[in-house]
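Visitor: sequence first, then the predicted structure, then my questions.
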Amino acid sequence: LTDQSYCHRLQHDMYFLTSNSRLNEQVVDKIILQLNRVYPQILSNAEAEKFRNPKASLHTRLSDLIKHLQKKGDRHCQEFYRALQINAEELYNDLPSRKILSKLICPVFFLACFSVAAGFALFWYCCNSDTKVVGRARRILGFSPIIIGRHVRNICMLYLEDISRN
């Protein structure tokens, strides 16, 4: 879901937003007015009046607004999310697409931190003046393109070559 467009995310979140009266009249009106006044290219005056029509049910107006924004493109959907975050931050944080993103980001962050720590530990281990250690480390680093990035491996290999020359 991280590489999906805002339109796809909005499609995924549509049921959540329109169900169980999660958004009230005032919040929907604020979102529509923000999209109209702050970003008039997103929602024209006529479109804003249409989506603020009190004769239609809130569910219908909100569903129509979301479908309308999806037809207009990704930037329009992104601005809807921005308006939702400003006017209903708690609801914005509870969106299904946000929860999926947070579930994906936490493990990636952990792996990145762990990789950096493991890299520093390996680097510190290689700094030992014992030449047997340097030789073993060079062999490990030479055959580990999958474990660590190519650029990091090349830097470590150059450093090990400098150590072995001295």
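Guide: In hand now; what should we look at? Just so it is clear, the model here is predicted, and its values are computed rather than measured.

Visitor: low-confidence regions, this structure specifically.
Guide: 1-3, 100-114, 116-157, 159-166 (pLDDT under 70).

Visitor: now do the helices in it.
Guide: For the chain, the helices defined by DSSP state H occupy 6-18, 25-37, 45-51, 58-72, 74-87, 89-93, 96-126, 131-142, 150-165.

Visitor: which residues touch the third one?
Guide: The set of residues external to helix 45-51 that reach it, using CB atoms under 8 Å, 6 or more residues apart in numbering, is 28, 32, 33, 35, 36, 43, 61, 64, 65, 68. Where you see a C-beta, it was placed from the backbone N, CA and C, and this is true even at glycine.

Visitor: return the residues in contact with the first one.
Guide: Taking CB under 8 Å, 6+ apart as the definition of contact, the neighbours of residue 28 are 51, 58, 61, 62, 65.

Visitor: kindly supply the PyMOL command isolating those of these that are buried.
Guide: A single PyMOL command is used to select the members of these judged buried by 16 or more other CB atoms under 10 Å:
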select buried, resi 51+58+61+62+65
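
Visitor: let me have the contacts of residue 28 in CSV, extended by distance to residue 91.
Guide: Converted to CSV, those look like this (distance: CB to CB, whole Å):
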residue, distance to residue 91
51, 18
58, 14
61, 17
62, 12
65, 15
